[in-house]
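K.L.:
Pasted the sequence and its predicted model underneath.
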Amino acid sequence: MEPMDLDQLRTADPATGLRAVTALHRLAERIEATHVAEARRAGWSWEQIGDALGVTRQSVHAKHGKRESNV
């Protein structure tokens with residue numbers, strides 16, 4: 001997949017662009033949650049996951065740790 005030129009994403013309607021941004025954020029959150037759960041099942045530590053995501057272990061645990069206890 002080739003990277004898209006940001007000029008191709010321009011639209012005259014800000015509402016359209018903002019809805020697209022919202023949809024992308026939601027998709028990214030679902031993908032992140034799926035892969036964090038897979039990493040935990042594979043035995044990864046919160047520190048390893050945080051490093052892979054470029055955040056601290058505390059922040060990734062705060063965001064995803066509650067989901068783990070519900071599984």
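P.N.:
Perfect, I can see it now. Everything quoted here is computed from the prediction, not taken from an experiment.
K.L.:
When you work out contacts or count neighbours from here on, use the C-alpha atoms and nothing else.
P.N.:
OK.
K.L.:
Which positions within the helix or strand where Gly65 lies qualify as buried?
P.N.:
Per DSSP states H and E, Gly65 falls inside helix 57-69. For helix 57-69, burial by neighbour count (16 or more other Cα atoms under 10 Å) applies to 57, 60-61, 64-65.
K.L.:
Same question for stretch 30-41.
P.N.:
36-37.
K.L.:
max-length helix in this protein?
P.N.:
helix 14-41 (DSSP state H).
K.L.:
Can you add pLDDT and give the buried residues of helix 57-69 back as JSON lines?
P.N.:
Formatted as JSON lines, these follow (pLDDT from 0 to 100):
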{"residue": "Arg57", "pLDDT": "97"}
{"residue": "Val60", "pLDDT": "98"}
{"residue": "His61", "pLDDT": "97"}
{"residue": "His64", "pLDDT": "97"}
{"residue": "Gly65", "pLDDT": "94"}
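K.L.:
Which single one of these is nearest to Arg19?
P.N.:
Ranked by distance to Arg19 (Cα to Cα), the buried residues of helix 57-69 are led by His64 at 25.1 Å.
K.L.:
ok, back up a step: check the buried residues of helix 57-69 against Leu6 and report the nearest one.
P.N.:
Among the buried residues of helix 57-69, and counting by Cα to Cα, the member closest to Leu6 is Val60, at 29.3 Å.
K.L.:
nearest spatial neighbour of the closest one, skipping sequence neighbours?
P.N.:
Gly50 (5.8 Å; Cα to Cα, 6 or more residues apart in numbering).
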